[in-house]
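Trainee: Show me how the following folds:
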Amino acid sequence: MNTSKNGPGERLVTIGGTFDELHRGHKDYVRLAFEFSTRVIVYVNSKQFNATQFAKGRKKYLARPYDYRLEKLKEFLQELEGENPLQRIRYQIRELHQFDDLKKDYLDNPELKEVYMAIVSPEYYADFCELNRLREARGQSNFLILVKQRTRDLQQDISSTLVREVLHCPSDNITTRTNEPSQTDAVISV
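Mentor: This next block holds a predicted model:
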C-alpha cells in the first residue's frame with residue numbers, strides 16, 4: 001500500500017539504493033526497514049544519480065533503466081504484502097536525482113521532520129552523519145542511522161556487480177568499473 005501521511009505513533013524509516021539486479025541482499029535490506037517502521041520511504045536512484053556515483057567511483061556499473069528497476073522493486077513489495085497479510089506495509093517510492101535532493105528532503109520536507117531512522121550502506125554513513133549535523137544546527141531532531149553491512153554468501157558480498165559477473169550479463173550498455181571504491185572509517189553494523 002502506497003501512503004504518504006505521518007500518523008500518531010508512526011515510525012518513519014528511509015532506505016535508498018539503485019536496486020539493480022534485485023537480489024537477496026536488497027530484499028534483506030527492504031525487509032529490515034519494515035521491521036523497524038510503520039512506514040518506509042524508499043529512494044530509488046535515477047539514471048542521472050547512478051551515473052554520477054559511477055563517475056565518483058562509488059558504483060562499479062551503470063544501472064539498468066529506472067523504470068525496469070522500479071517495476072522489479074514494486075513486484076517485491078507486493079510479494080512482501082502477500083507474505084504477511086495481517087501486517088499492512090506502508091511505503092512511498094521517491095526517485096532520487098542527486099544527493100542534494102535527499103538533503104533537501106531531510107532538511108526542508110515537513111514529512112521527514114520526525115524521521116525515526118535511515119538505514120544505509122557503509123559508504124553513505126558519513127553523508128547521513130552530516131545530514132544529522134545539519135538538522136541539529138537548524139534545531140531539528142536527529143534520526144538514528146543504522147548501517148547495514150552487505151549480505152554475504154560463500155565468503156563474499158552479495159552485490160549487483162557480483163550477480164552480473166555470475167550470470168555473465170553485462171547487457172543494456174552496462175559498464176563495469178574494476179577499481180574498488182573507498183570505504184568510510186566510521187561504521188556501525190548489523
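Trainee: Could you find the closest non-adjacent residue to residue 81?
Mentor: Using Cβ to Cβ, 6 or more residues apart in numbering and skipping residues adjacent in sequence, the residue nearest residue 81 is residue 89, 5.4 Å away. (Glycine included, C-beta is placed from N, CA and C.)
Trainee: Tell me, how many residues neighbour the one you found?
Mentor: For residue 89, the tally of surrounding residues (other Cβ atoms under 10 Å) stands at 21.
Trainee: got a list of what it touches?
Mentor: 1, 34, 40, 77, 80-81 (Cβ atoms under 8 Å, 6 or more residues apart in numbering).
Trainee: What is the three-state secondary structure of it?
Mentor: Three-state call for residue 89 (DSSP: H, G, I helix; E, B strand; the rest coil): coil.
Trainee: and stretch 57-69, average pLDDT?
Mentor: Across stretch 57-69, the average pLDDT comes to 86.
Trainee: For that stretch, list every residue counted as buried.
Mentor: By neighbour count on 16 or more other Cβ atoms under 10 Å, the buried set for stretch 57-69 is 59-64, 66, 69.
Trainee: For residue 126, state which of the residues you listed is nearest.
Mentor: Proximity of those to residue 126 (Cβ to Cβ) peaks at residue 59, which lies at 16.7 Å.
Trainee: In the chain, where is pLDDT below threshold?
Mentor: For the chain, the stretches with pLDDT under 70 are 1-8, 85-87, 151-190.
Trainee: end-to-end on stretch 105-113?
Mentor: End-to-end distance for stretch 105-113: 9 Å, by Cα to Cα, to the nearest Å.
Trainee: out of the contacts of residue 89, which are buried?
Mentor: 34, 40, 77.
Trainee: Can you get me a residue count around residue 74?
Mentor: 15.
Trainee: Okay, strands next: where are they in this protein?
Mentor: Under the criterion DSSP state E, the chain contains strands at 12-17, 39-45, 91-96, 115-120, 144-147, 152-153, 156-157.
Trainee: Point out the one among these that comes closest to residue 138.
Mentor: Of all those, strand 115-120 sits nearest to residue 138, with 13.7 Å by Cβ to Cβ.
Trainee: I'd like to know which elements that closest one is packed against.
Mentor: On a contact count with 3 or more Cβ pairs under 8 Å, 6 or more residues apart in numbering; DSSP states H and E, strand 115-120 meets strand 12-17, helix 24-35, helix 125-137, strand 144-147.
Trainee: among those, which is nearest residue 51?
Mentor: strand 12-17 (15.1 Å).
Trainee: Could you list every helix and strand that that closest one packs against?
Mentor: Under the contact definition 3+ Cβ pairs under 8 Å, 6+ apart, strand 12-17 sits against helix 24-35, strand 39-45, strand 115-120.
Trainee: As a markdown table, those with distance to residue 127 would be great.
Mentor: What follows is the helices and strands packed on strand 12-17, written out as a markdown table (distance: least, Cβ to Cβ, whole Å):
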| stretch | distance to residue 127 |
| --- | --- |
| helix 24-35 | 17 |
| strand 39-45 | 12 |
| strand 115-120 | 8 |
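Trainee: That'll do, ta.
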